[in-house]
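> sequence-free structure coming up:
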């Protein structure tokens, strides 16, 4: 069924390297998203009308525009607009960070407003200053709610990066195609084995991260 | 005196943990039996077994001469003949007050909608909640919700009513309004089996007090006698916890 | 931006739009059916079946649609299972969506406290009546935000169909960019049609959520 092709020569290593290329893009994007998302999320709790309007439009764009469309806009549109050539990798990081920041900001905002006012009041009653309250009381609670959700964002980001093959980045699916192509003569039915392997590779990466997120969520529920 | 409910040698366990051991009790028509006992003595589980919400390992529950548990009867539905009110009210949050009360008579007993509505409104009037009939449960206080739950059980015309610590979740100032409704039911000669922690109420309403501890019935007495000179050491100790 | 170019491209994009919408909603319909069946299997803990369902849900929730489509469209034919691109798109979206719907519906069902069902039974309702009148409406209300999010997510996922050479919106845009370098016009139409596809759904979703929230929680 073409499974043997995967273990031939350096094929498995090549597939893993392809997965690595996708992982690199997603981890960079997640890092950027978390930093920008936290900043934006906190801005959103300030309840300034201008910020509210802008962020709502931003969130709605992200909510309804497929990442694939955004990827096309940045990858093809930017070049057209500026004449500068943006590499596929940079385009991908820009788009996924744009998307991830919105997701993250929404999570941060949700967590911040879910902290009841009495927490601030009881801290004040204990004589804690505003900064102390924030550092010792509020932040730990937010982190506990936010961390599982952020980890979950990582798996979604990894799944989304599979799209980059559509703008020509050589990632795991592309490597898979190349392997199938190279072995067309010796293993004509390699496609099944190779794509099954890609399927399982993604699962092997995302599933444990998803479990970790669920575990932390359960652990910190109360 | 006519027997309405008879429990014989009931035995209930959750896996290896025995919760009820050889519990027998008879309730006569028009009688108010109050079960008291420390937390975890099995009194709530006892009510749940009577209503078939728990399967039992041994013994029988007989309602009006007919064995209802075991086996848990399916088709012929005896549960509509037993009314139950829960500690946590368990009104249906997606239905209005009237919707909560009318659902079972219409769907289970297939009664006429207009007739049911008339009775529902009349019952709500009696418990002082006519004005709330189109509200949702979340708009009511705990005491009001519990009164609705009682009406919801009453409209099924049950032969016996089970009350499972119905005031335990209430704010103190709301306990009275619920207990008053139950006292009113006692005056109407309703058959009731009540689990409660309100000792003064138990004393006032009960025809008989059943004291349970450790999954067994320890003592059955007249209320005056139980509260003034309990026969068993365990009952004495239990009653002491209510003194200051 | 050249209005003439847009006029010329409009029919092509309209055709692609209809195809994308058709496969998208067929896939979503399949996802609902699959999701409901799987959610019940999990909720009632049916032996054997629930293990299979759990495996399916985990597998499809933890892999990208693109990979699933590649496996179905390019992988399966090499062991003799060959299906059309349209069917593959519908099936892929349905399978992916089914795993998400299953989770949303199951968690809705499990969020209704068991004692609600007991309370219904104590009023003489049968198991089915308790489900029909008490559990299902509450579970549905709880599930609605998740289900709406899933619908939007799945409609967005249609953007990868071009990978299995379906002539959808992305395919058309890419084709025209490659062919005539009318990038601006092509991207404009691409965005326009995706807005057309998703904005009404997003809007309707918010309305339904608001209505359900009010019915359930009154705020």
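On my side now, so go ahead. Since we're looking at a predicted model, the values are computed, not measured.

> List the residues that contact the residue most central in space within chain A.
The residue lying closest to the centre of chain A (C-alpha atoms, centre = their mean) is residue A:157, at 2.6 Å. Shown in contact with residue A:157 (C-beta atoms under 8 Å, 6 or more residues apart in numbering or on different chains): A:26, A:29, A:30, A:33, A:96, A:100. In this view, the C-beta of every residue, glycine as well, is placed from N, C-alpha and C.

> Between all of these, which two are separated the most?
A:26 and A:33 (9.9 Å; C-beta to C-beta).

> which residues do the two both contact?
A:96, A:157.

> Could you pull out the strands in chain C for me?
Taking DSSP state E, chain C contains no strands at all.

> Enumerate the residues of it near chain B.
C:115-116, C:118-126, C:129, C:133-134, C:137-138, C:141, C:215-218 (C-beta under 8 Å from any C-beta of the partner chain).

> hmm, 10 Å instead?
Counting by C-beta under 10 Å from any C-beta of the partner chain, chain C comes close to chain B at C:112-127, C:129, C:132-138, C:140-141, C:212, C:214-219.

> So which of those residues are in helices?
Using DSSP state H, C:114-122, C:127, C:129, C:136-138, C:140-141, C:212, C:214-217 are the members of the residues of chain C next to chain B that sit in helices.

> Give me the buried entries from these.
C:116-122, C:129, C:137-138, C:140-141, C:212, C:216 (16 or more other C-beta atoms under 10 Å in any protein chain shown).

> Of those residues, which one scores lowest on pLDDT?
Minimum pLDDT for these is recorded at residue C:216 (67).

> where in chain A is pLDDT low?
Scanning chain A with the threshold set as pLDDT under 70 gives A:1-2, A:222.

> can you give me the helices in it?
A:11-44, A:49-64, A:67-72, A:78-82, A:88-113, A:117-125, A:130-132, A:139-160, A:172-182, A:190-219.

> out of those helices, deepest packed?
Across the helices of chain A, the average number of neighbours (mean count of other C-beta atoms under 10 Å in any protein chain shown) peaks for helix A:67-72, which reaches a mean of 24.

> does that helix come close to chain C?
Yes: using C-beta under 10 Å from any C-beta, helix A:67-72 reaches chain C at A:67, A:68, A:69, A:70, A:71, A:72.

> which residues touch the closest residue to the residue nearest to the centre of chain A other than its chain neighbours?
Sequence neighbours aside, residue A:26 is the residue nearest to residue A:157 in space, at 4.2 Å (criterion: C-beta to C-beta, 6 or more residues apart in numbering or on different chains). By C-beta atoms under 10 Å, 6 or more residues apart in numbering or on different chains, the residues touching residue A:26 are A:33, A:92-93, A:96, A:100, A:153-162, A:164, A:205.

> what about residue 167, neighbour count?
Unless you meant another one, I'm taking chain A. Neighbour count for residue A:167, taken as other C-beta atoms under 10 Å in any protein chain shown: 19.

> that's the wrong chain, I meant chain B
Counted by other C-beta under 10 Å, the residues lying close to residue B:167 total 23.

> give me the low-pLDDT residue ranges for chain C?
Chain C contains residues with pLDDT under 70 at C:215-219.

> Of all residues in it, which one is closest to chain B?
Ranking the residues of chain C by distance to chain B (C-beta to the nearest C-beta) places residue C:124 first, at 2.8 Å.

> Pick out the residue of chain B closest to chain C.
Counting by C-beta to the nearest C-beta, chain B gets nearest chain C through residue B:80, at 2.8 Å.

> What values do phi and psi take at the nearest residue to that residue once chain neighbours are set aside?
Excluding its sequence neighbours, the residue lying closest to residue B:80 (C-beta to C-beta, 6+ apart) is residue C:124, at 2.8 Å. Here is the backbone geometry of residue C:124 (degrees, to the nearest 10): phi 90, psi 0.

> Just give me the neighbour total for residue C:124.
22.

> For it, which residues are in contact?
With C-beta under 10 Å, 6+ apart, residue C:124 has these contacts: B:77-83, B:104-105, B:107-109, B:156, B:158, C:130.
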